[in-house]
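In: can you look at this prediction? I've put the sequence above it.
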Amino acid sequence: MSAKPYLVIRAFVDPAVQDEFERWYRETHLPHVLEIPGVVAAFRCRPLRQGVNFTALYQLDNDSSVQQVFSSQEAQQARQDWERWASHVRDMSVEVYSQLSPLPPYHHWN
């Protein structure tokens, strides 16, 4: 069984609205994201990267589901949810991580 890819969202949310944002994320946005075909789990973690105070990870079903996750109508709804927060969020990144194939053996001869 191969490793599942992850969609990682990082951002800086204005601390003045962070509590409201967190409530909105849990009650509104997260249920929409979990309806996106191909998203199988969601995780939040405490970001340790400087300049970021929000990190969410979404486990995807498989590599071929990545495009579906971005192009589905459910994904469009989830992106529209974010629009109300655009003026309070900066330095947002959206990244997809997938398992790499093993490298072939390399021999270094001196």
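Out: Alright, I've got the coordinates.

In: send me the longest helix along the chain as PDB with only the CA atoms.
Out: Scanning the chain for the longest helix, with DSSP state H as the assignment, gives helix 73-83. Extracted C-alpha coordinates of helix 73-83, given in PDB (Å, rounded to 0.1, in the frame of the first residue of the first chain):
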ATOM      1  CA  GLN A  73     -17.700  21.800  -7.000                       C
ATOM      2  CA  GLU A  74     -17.200  21.000  -3.300                       C
ATOM      3  CA  ALA A  75     -13.700  22.500  -3.500                       C
ATOM      4  CA  GLN A  76     -15.100  25.600  -5.200                       C
ATOM      5  CA  GLN A  77     -17.400  26.000  -2.200                       C
ATOM      6  CA  ALA A  78     -14.600  25.600   0.200                       C
ATOM      7  CA  ARG A  79     -12.600  28.300  -1.600                       C
ATOM      8  CA  GLN A  80     -15.500  30.600  -1.600                       C
ATOM      9  CA  ASP A  81     -15.700  30.100   2.200                       C
ATOM     10  CA  TRP A  82     -12.200  31.600   2.400                       C
ATOM     11  CA  GLU A  83     -13.100  34.800   0.600                       C
END
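
In: who does the next helix or strand after that helix pair with, and is each partner parallel or antiparallel?
Out: Following helix 73-83 in sequence order, the next helix or strand is strand 89-97 (DSSP states H and E). Partners of strand 89-97 in the sheet, by DSSP bridges, are strand 6-13 (antiparallel).

In: can you check what angle separates the helix or strand of the chain with the lowest mean pLDDT from strand 6-13?
Out: Ranked by mean pLDDT, DSSP states H and E, the weakest helix or strand in the chain is helix 73-83, scoring a mean of 89. Helix 73-83 and strand 6-13 are oriented at 10 degrees to each other (axes from the mean of the first three to the mean of the last three C-alpha atoms, to 10 degrees).
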